[in-house]
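Undergrad: Predicted model and sequence follow; I will ask about them next.
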Amino acid sequence: MSNSLQFGTAGIRATMGPGKDQINNHTIQLLTEGLSQYLLSSFAKESKQQGIVICYDSRLHSKEFAQEAASVLTSHTIPVYLMRDLRPTPFLSFAIRYLRAIGGINITASHNPKEYNGYKIYWADGGQVVAPHEQKISKKIQEILKKPLPIYLPYDSNKEHFVSEAVEKAFLCKIQEHMTMPSLNHNQGNKLFIIYSPLNGTGITLIPKALNQCGFTYVECVEEQKKPDGNFPTTPYPNPETPEAMTLGIRDLLVKQGDILLISDPDADRLACSCLHQQIPYNFTGNELGIILLAHLLRTQHPISPWATITTTVSSPLIKKITEKAGGTCFEVPVGFKNIAQKILEWEKGHNTHHFFFGIEESLGFLYGDFVRDKDSVTASCLTSEAALFCKKENKTLVDFLIEIFAQFGIYQSGQLSISASHSQFFCIQLQKMRRTPPRHLKNLSIISIEDYQSGIGYSFSSQERWALSYSQLNVLSLLGEDGSKWILRPSGTEPKMKLYGHMRANPTSFSSIQEGIAFLKSTIYDHLLYLKNLLEK
């Protein structure tokens with residue numbers, strides 16, 4: 001098994017094709033055999049009683065790979081609950097918990113190009129598998145490589161279970177229960193014009209249905225992106241973070257004069273949003289949408305104390321500011337939504353117990369409620385619509401609401417830049433060089449300290465003071481600017497890329513308008529990230 005088929009921050013992703021370093025029937029069998037042997041060696045009784053839920057997305061061969069995984073499990077007499085059709089990732093997480101399965105498998109490559117597919121393993125809590133299970137499954141896979149795989153009988157759907165419609169109804173009921181203004185939604189939800197695009201993915205199966213049941217009945221889909229299609233004919237990179245993926249949705253938003261545009265990625269765990277503000281489309285970043293959702297939840301309810309939000313090291317620091325101002329605690333975890341799910345599980349087990357309120361990952365990942373343990377674009381779609389409706393009732397837009405938040409806390413902006421390379425080790429080598437000789441300036445900005453998450457130590461250049469970070473052994477480096485800005489470098493866990501992040505804050509009084517401040521910070525962050533990119537590539 002090559003390095004390209006190792007577990008990353010979100011399972012395994014690789015191109016489809018022959019050979020041990022690509023996704024194909026044989027590698028799906030190999031991965032599932034490793035999972036099966038680990039389950040039977042450590043959780044034999046639970047596995048045979050509880051079974052595994054299997055989900056798949058709209059990608060080419062996803063259904064075939066899901067059935068291949070099912071055939072391996074059933075050959076080991078581990079029961080399987082297979083989705084009748086493609087379904088969103090958050091529904092898999094819910095189904096695992098609802099059916100009390102020991103875990104789940106998701107055949108998906110999220111937002112990667114059409115040539116890719118992937119394999120995610122979930123545990124009984126509904127979250128993606130983490131240590132120590134992840135390492136032990138990998139060890140079983142390595143042991144299996146030394147001998148031929150057995151012959152598996154084809155999956156027989158007549159002898160196994162499908163995930164029933166009752167599970168789907170329960171999922172939709174939970175979403176309705178978590179709306180904070182149900183009366184407003186049902187009485188006036190038909191006044192909010194929503195444009196929705198599933199990007200030819202799984203979101204079409206549940207998001208329009210969830211919106212309708214919550215009261216948002218004025219929904220139109222982007223026609224070219226409505227039907228599930230693993231070729232993703234309208235965009236080469238079906239990631240709602242990219243402008244290309246949003247082009248057709250923005251077109252419909254303008255032509256049809258919608259209130260908001262919602263876009264989910266192919267496995268429907270991520271959610272992007274745009275809205276018309278003064279007749280101009282505004283595309284919210286993942287951080288901005290997360291800030292809006294958190295502020296909306298806090299203005300419509302009082303969380304049970306002690307309550308907490310969970311964010312990641314690369315997400316906006318404004319999440320922490322809003323949380324603490326409202327009386328909560330914000331916990332920071334490493335990148336990867338599985339780490340947010342793991343923190344929720346720790347609290348359930350009574351470790352440093354808090355009531356989970358809201359989770360955000362800057363890459364368009366949001367979680368409200370504990371009935372799902374992964375990014376949930378289905379619930380987030382309904383909450384975003386609720387927030388937009390609340391604003392519309394006051395003759396405002398979501399942009400107006402964001403401006404109000406910035407007026408209270410300061411203008412916070414974040415940016416990201418990804419650099420690709422043919423060899424993933426290139427960036428690891430470059431990052432090690434930067435650790436040894438960190439830059440003291442980014443253009444005209446002085447860097448005053450660094451935080452090295454590999455060693456778990458922070459270091460001030462001026463005072464030479466050192467401090468311990470909350471976690472270590474991660475290939476992440478942060479540079480802290482004299483103006484309070486933060487610049488983060490980390491290699492991607494799923495692709496041969498280096499990801500660069502920038503966070504800046506400005507005082508609203510420094511500009512003639514908050515919109516001017518937003519534009520200034522966006523431009524400044526991008527310029528500094530380009531400078532950092534050039535340093536890294538030298």
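TA: On my side now, so go ahead. Residues are numbered from 1 along each chain as shown.

Undergrad: all strands for the stretch 101-250 of the chain, in order.
TA: Secondary structure of the stretch 101-250 of the chain by DSSP state E, counting those that start in this stretch: the strands cover 103-107, 116-123, 161-162, 194-197, 219-221.

Undergrad: Least confident of these, on average?
TA: Of all those, the minimum mean pLDDT falls on strand 161-162 (a mean of 88).

Undergrad: Tell me the helices and strands packed up against that strand.
TA: Contacts defined by 3 or more Cβ pairs under 8 Å, 6 or more residues apart in numbering; DSSP states H and E place strand 161-162 against strand 80-82. (C-beta placed from N, C-alpha, C; glycine too.)

Undergrad: Relative to the whole chain's centre, how far out is the strand it packs on?
TA: 24 Å (Cα atoms, centre = their mean, to the nearest Å).

Undergrad: Next: stretch 232-242.
TA: Here stretch 232-242 is found 16 Å from its chain centre; the criterion is Cα atoms, centre = their mean.

Undergrad: Buried ones in that stretch, by neighbour count?
TA: Within stretch 232-242, the residues scored as buried using 16 or more other Cβ atoms under 10 Å are Phe232, Thr234, Thr235, Pro238, Asn239, Pro240, Glu241.

Undergrad: any idea which helix or strand carries Glu332?
TA: Per DSSP states H and E, Glu332 falls inside strand 329-333.

Undergrad: Please apply the same query to Tyr501.
TA: Going by DSSP H and E, Tyr501 is in strand 497-506.

Undergrad: Beyond that strand, next helix or strand please.
TA: Toward the C-terminus from strand 497-506 - assigned by DSSP H and E - lies helix 514-537.

Undergrad: average pLDDT for that next one?
TA: Taken as a whole, helix 514-537 has a mean pLDDT of 94.

Undergrad: ok, now stretch 280-287?
TA: So the average pLDDT for stretch 280-287 ends up being 97.

Undergrad: So what touches it?
TA: Residues outside stretch 280-287 that contact it (Cβ atoms under 8 Å, 6 or more residues apart in numbering) are 241, 243, 246, 250, 253-254, 261, 270, 272-276, 292, 315-316, 318-319, 360-365, 398-399, 402, 412, 414.

Undergrad: ChimeraX command to pick out the buried ones of the residues you listed?
TA: Under the burial definition 16+ other Cβ under 10 Å, those of these that qualify are selected in ChimeraX by:
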select :241,246,250,253,261,270,272,273,274,275,276,292,315,316,318,319,360,361,362,363,364,365,398,399,402,412,414
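
Undergrad: Just the contacts of stretch 280-287: which are in helices?
TA: Under the assignment DSSP state H, those contribute Pro243, Met246, Ile250, Leu253, Leu254, Ile292, Leu318, Ile319, Leu398, Val399, Leu402 to helices.

Undergrad: For the fifth one, list the residues it contacts.
TA: Think Leu254. Leu276, Pro281.

Undergrad: ok, back up a step: next, the angle helix 514-537 makes with the strand holding Tyr501.
TA: 140 degrees (axes from the mean of the first three to the mean of the last three Cα atoms, to 10 degrees).

Undergrad: what lines up beside strand 497-506 in the sheet?
TA: Its sheet considered, strand 497-506 pairs with strand 411-420 (antiparallel), strand 486-491 (antiparallel) by DSSP bridges.

Undergrad: re earlier: which pair of the ones in helices among the contacts of stretch 280-287 spans the longest distance?
TA: Leu254 and Ile319 (30.7 Å; Cβ to Cβ).

Undergrad: any idea of the angle the helix or strand of the chain with the lowest mean pLDDT forms with strand 411-420?
TA: When the helices and strands of the chain are compared on mean pLDDT, DSSP states H and E, helix 425-436 comes out lowest with a mean of 82. With the same axes, to 10 degrees applied, the angle from helix 425-436 to strand 411-420 works out at 130 degrees.

Undergrad: quick revisit: quick one: which of the ones in helices among the contacts of stretch 280-287 is nearest Gln473?
TA: Ranked by distance to Gln473 (Cβ to Cβ), those are led by Ile319 at 24.1 Å.

Undergrad: For that closest one, give me its contacts.
TA: Counted by Cβ under 8 Å, 6+ apart, Ile319 has contacts Asn287, Gly290, Ile291, Leu294, Thr309, Thr311, Cys330, Ile360.

Undergrad: what separates it from Tyr471, distance-wise?
TA: 18 Å (Cβ to Cβ, to the nearest Å).

Undergrad: Pull the distance from stretch 165-175 to the chain's centre.
TA: Counting by Cα atoms, centre = their mean, stretch 165-175 is centred 22 Å from the centre of its parent chain.

Undergrad: follow-up on the earlier one: point out the ones among the contacts of Ile319 that are inside strands.
TA: The strands, defined by DSSP state E, take in Thr309, Thr311, Cys330, Ile360 from these.

Undergrad: Same list (these) but as a markdown table, adding pLDDT.
TA: As requested, these are exported to a markdown table (pLDDT from 0 to 100):
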| residue | pLDDT |
| --- | --- |
| Thr309 | 98 |
| Thr311 | 97 |
| Cys330 | 97 |
| Ile360 | 97 |
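
Undergrad: Farthest pair within those?
TA: Cys330 and Ile360 (10.0 Å).

Undergrad: Now do the shared contacts for the two.
TA: Contacts common to Cys330 and Ile360, judged by Cβ under 8 Å, 6+ apart, are Thr309, Ile310, Thr311, Ile319.

Undergrad: which of the strands paired with strand 497-506 sits most buried?
TA: Greatest average neighbour count among the strands paired with strand 497-506 goes to strand 486-491 (a mean of 22), per mean count of other Cβ atoms under 10 Å.

Undergrad: List the residues that contact the residue positioned nearest the centre of the chain.
TA: What sits nearest the mean C-alpha location of the chain, by Cα atoms, centre = their mean, is Gly365, with 3.6 Å. If you count contacts by Cβ under 8 Å, 6+ apart, Gly365 has them with Asp269, Arg270, Gly286, Phe337, Gly359, Lys375.

Undergrad: what's the spacing between it and Lys538?
TA: As defined by Cβ to Cβ, Gly365 lies at a distance of 33 Å from Lys538.

Undergrad: Show me the chain divided up by domain.
TA: 3-163, 165-405, 410-537 (automatic domain parsing).

Undergrad: Quick one: end-to-end distance for the second one.
TA: End-to-end distance of domain 165-405 (Cα to Cα, to the nearest Å): 41 Å.

Undergrad: Quick one: distance of it to the chain centre.
TA: From the chain centre to the centre of domain 165-405 is a distance of 11 Å (Cα atoms, centre = their mean).

Undergrad: same thing with the shortest one?
TA: Taking Cα atoms, centre = their mean, one finds domain 410-537 lying 21 Å from the centre of the chain it belongs to.

Undergrad: rewinding a little: what's the closest of the strands of the stretch 101-250 of the chain to Gly34?
TA: Of all the strands of the stretch 101-250 of the chain, strand 116-123 comes closest under Cβ to Cβ, at 9.6 Å.

Undergrad: Report the buried residues of the helix or strand hosting Pro281.
TA: Following DSSP H and E, one finds Pro281 within strand 280-283. By neighbour count on 16+ other Cβ under 10 Å, the buried set for strand 280-283 is Pro281, Tyr282, Asn283.

Undergrad: Any chance of JSON lines for the residues you listed, columns distance to Pro208?
TA: Output for the buried residues of strand 280-283, formatted as JSON lines (distance: Cβ to Cβ, whole Å):
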{"residue": "Pro281", "distance to Pro208": "21"}
{"residue": "Tyr282", "distance to Pro208": "23"}
{"residue": "Asn283", "distance to Pro208": "22"}
